[in-house]
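Participant: This is the structure alone, sequence omitted:
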């Protein structure tokens, strides 16, 4: 069983150019566990998504099957088999 992680173009350089990753799901998965798995192979991606305490950075939004994890259980949000986890990095400018 896998989870599909969608990576924005701005962060694809941190995942060897991959914009979609198939993450193996072992046991009851959570968003945090998915990010931990990605961090093992792509530590720079993890540093861009989570701060030094392990929390999501304020300018990063994560969705599980279209639902914002900040409105759910944050990194403890459950992730089922075949779920889609989407990371969106805010962009500001003027």
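Facilitator: Structure's in. What do you need? Only a predicted model underlies this, so the values are computations on that prediction, with no experimental measurement involved.
Participant: and stretch 22-37, what's its mean pLDDT?
Facilitator: Averaged across stretch 22-37, the pLDDT comes to 91.
Participant: Ok, stretch 63-82 next?
Facilitator: Mean per-residue pLDDT for stretch 63-82: 96.
Participant: Numbering from 29 from now on, please.
Facilitator: With the count now opening at 29, the last piece we talked about shows up as stretch 91-110.
Participant: who touches it?
Facilitator: 29-32, 53, 56-63, 82-84, 89-90, 111-114, 116 (CB atoms under 8 Å, 6 or more residues apart in numbering). C-beta coordinates here come from the backbone N, C-alpha and C atoms, glycine included.
Participant: Filter the residues you listed down to just the ones in helices.
Facilitator: Applying DSSP state H to the contacts of stretch 91-110, the entries found in helices are 59, 60, 61, 62, 63.
Participant: List the contacts of residue 47.
Facilitator: Residue 47 touches 34, 35, 36, 37, 40, counting by CB under 8 Å, 6+ apart.
Participant: Quick check: phi and psi at it.
Facilitator: Phi and psi for residue 47, reported as degrees, to the nearest 10, are phi -100, psi -10.
Participant: For the closest residue to residue 56 other than its chain neighbours, give its distance to residue 76.
Facilitator: Among residues not flanking residue 56 along the chain, residue 106 sits closest, at 6.7 Å (CB to CB, 6 or more residues apart in numbering). Distance of residue 106 to residue 76, given as CB to CB, to the nearest Å: 24 Å.
Participant: The two - which one has more neighbours?
Facilitator: The neighbour comparison of residue 106 against residue 76 (other CB atoms under 10 Å) goes to residue 76, with 17 against 13.
Participant: who touches residue 36 in this structure?
Facilitator: Neighbouring residues of residue 36 by CB under 8 Å, 6+ apart: 47, 115, 116, 117.
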